[in-house]
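Trainee: Have a look at this prediction, sequence included:
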Amino acid sequence: MTTLTIAKAINEGLRKAMEDDPKVLIMGEDVGKLGGVFRVTDGLQKDFGESRVIDTPLAESGIIGTAIGLALRGYRPVCEIQFDGFVFPAADQIITQLAKMPLRSLGALKLPVVVRIPCGGGIGAVEHHSESPEAYFTHTAGLRVMACSNSADAYAMIQQAIRCDDPIIFFEPKRRYWEKGEVDTSGSARWSPLTKSTVVRRGDDLTLLAYGPMVKTCLEAAAAAEEDGRSIEVIDLRSLNPLDTETLAESVGRTGRCVVVHEAALFNGFGAELAARLTELCFYRLEAPVLRVGGFSTPYPPSRLEDHYLPDLDRVLDAVDRSFGY
């Protein structure tokens, strides 16, 4: 086992994928000589050359459009979007081309493109640098949407995503990039299927559902709730689309209570789909409505206010208390 930060785990995962398959390419703004703004691709251009780690112009639409063409020619491009809010100039290519071309061709064309997006706030940055756009892409049929939350998953999931023949939006929790965890890089580790959720803490009284940066917050909330005698189960979704409804329904059906947590604005956020789906599946076993904790329905605030915007331990625990109040 090796101790790696999430950023370094992704770096090592990308390196392994490039060693295993010469068709894997990395593209993005400053991913080469600089190693990316978060240094996630540090050293890769030096080791694999400028023809496989490509510094692109500042044109997200061009990055994705070029990746689509490369994928049609048999390559496996990994595109880095420098910050979450920069993905929107590429939305046309992602939504109208990348997501739809395989079905448009009745499966004859494969587009194994991975779009890496550092997501979420907590780094003291401004709008366009601290957003959570996952709901736009989970709503887009034809895309797989993944979110890692720890080093071990980051290392495994990025390699699994690159091997997949479907286009994947891969969210990385930027404020967790420097947090460390144990990673088995020996090649003998048994990885969970890419579409499988993980129960990261067992409990009997309430289920907390989270993904990406909020998994750690929910684990902290569960530990705090234990002091009050409450047994809280925490599930890391990992795959937002497709959704592992079997694992989620089993947990919520057993505990009878559920709180969904994400950084994105609450209104029409991804948590709304989770709440609706679990209400349908677990209606007669629920002891309380499925509650949601998220950001506010405003543009991302200046950095001095982001601590008030982002869900924290107290807001999660308040939702837990409200659930038990029914």
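Mentor: Happy to help now that I have it. Numbering: from 1, shown residues only.

Trainee: Tell me which stretches of the stretch 1-150 of the chain form strands.
Mentor: Ranges of strands in the stretch 1-150 of the chain, per DSSP state E, counting those that start in this stretch, are 2-5, 24-28, 53-55, 76-80, 114-119, 144-147.

Trainee: now the helices for the protein?
Mentor: Using DSSP state H, the helices assigned to the chain run over residues 6-20, 44-48, 60-72, 91-92, 101-104, 134-138, 151-163, 214-226, 245-255, 270-282, 306-309, 313-324.

Trainee: Report the contact partners of Ile6.
Mentor: Applying C-beta atoms under 8 Å, 6 or more residues apart in numbering, we find Ile6 in contact with 148, 150-151, 154, 172-173, 176-179, 181. In short, each C-beta sits where N, CA and C put it, glycine included.

Trainee: returning to that earlier point: just the helices of the chain: most buried one?
Mentor: helix 151-163 (a mean of 24; mean count of other C-beta atoms under 10 Å).

Trainee: between that one and strand 114-119, how many degrees?
Mentor: 150 degrees (axes from the mean of the first three to the mean of the last three C-alpha atoms, to 10 degrees).

Trainee: what helices or strands is helix 151-163 leaning on?
Mentor: Applying 3 or more C-beta pairs under 8 Å, 6 or more residues apart in numbering; DSSP states H and E, one finds that helix 151-163 makes contact with strand 2-5, helix 6-20, strand 114-119, strand 144-147, strand 168-173, strand 180-183.

Trainee: quick one: contacts for Ala161?
Mentor: Contacts of Ala161 (C-beta under 8 Å, 6+ apart): 114, 144, 146, 168, 170, 194.

Trainee: what's across from the residue lying closest to Thr3 once chain neighbours are set aside in the sheet?
Mentor: Leaving aside its sequence neighbours, Thr3 sits nearest to Lys180 (C-beta to C-beta, 6 or more residues apart in numbering; 5.3 Å). Taking DSSP bridges as the rule, Lys180 bridges to Thr5.

Trainee: okay, now Lys180: neighbour count?
Mentor: For Lys180, the tally of surrounding residues (other C-beta atoms under 10 Å) stands at 13.

Trainee: Surely it and Ala9 touch.
Mentor: No: counting by C-beta atoms under 8 Å, Lys180 sits too far from Ala9 to count as a contact (9.2 Å).

Trainee: what sits in contact with each of those two?
Mentor: Ser151.

Trainee: How far off centre is stretch 3-17?
Mentor: Remark: stretch 3-17 is offset 15 Å from the chain centroid, using C-alpha atoms, centre = their mean, to the nearest Å.

Trainee: do the same with stretch 11-20
Mentor: Distance, centroid of stretch 11-20 to centroid of chain: 19 Å (C-alpha atoms, centre = their mean).

Trainee: What's the mean pLDDT across it?
Mentor: In this model, stretch 11-20 has an average pLDDT of 97.

Trainee: Can I get it in PDB, CA atoms only?
Mentor: Written as PDB, here are the backbone C-alpha positions of stretch 11-20 (Å, rounded to 0.1, in the frame of the first residue of the first chain):
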ATOM      1  CA  ASN A  11      -1.700  11.200 -11.700                       C
ATOM      2  CA  GLU A  12      -0.500   7.600 -11.100                       C
ATOM      3  CA  GLY A  13      -3.800   6.200 -12.600                       C
ATOM      4  CA  LEU A  14      -3.300   8.300 -15.700                       C
ATOM      5  CA  ARG A  15       0.300   7.200 -15.900                       C
ATOM      6  CA  LYS A  16      -0.600   3.500 -15.600                       C
ATOM      7  CA  ALA A  17      -3.300   3.900 -18.300                       C
ATOM      8  CA  MET A  18      -0.800   5.500 -20.700                       C
ATOM      9  CA  GLU A  19       1.700   2.800 -20.100                       C
ATOM     10  CA  ASP A  20      -0.900   0.100 -20.700                       C
END
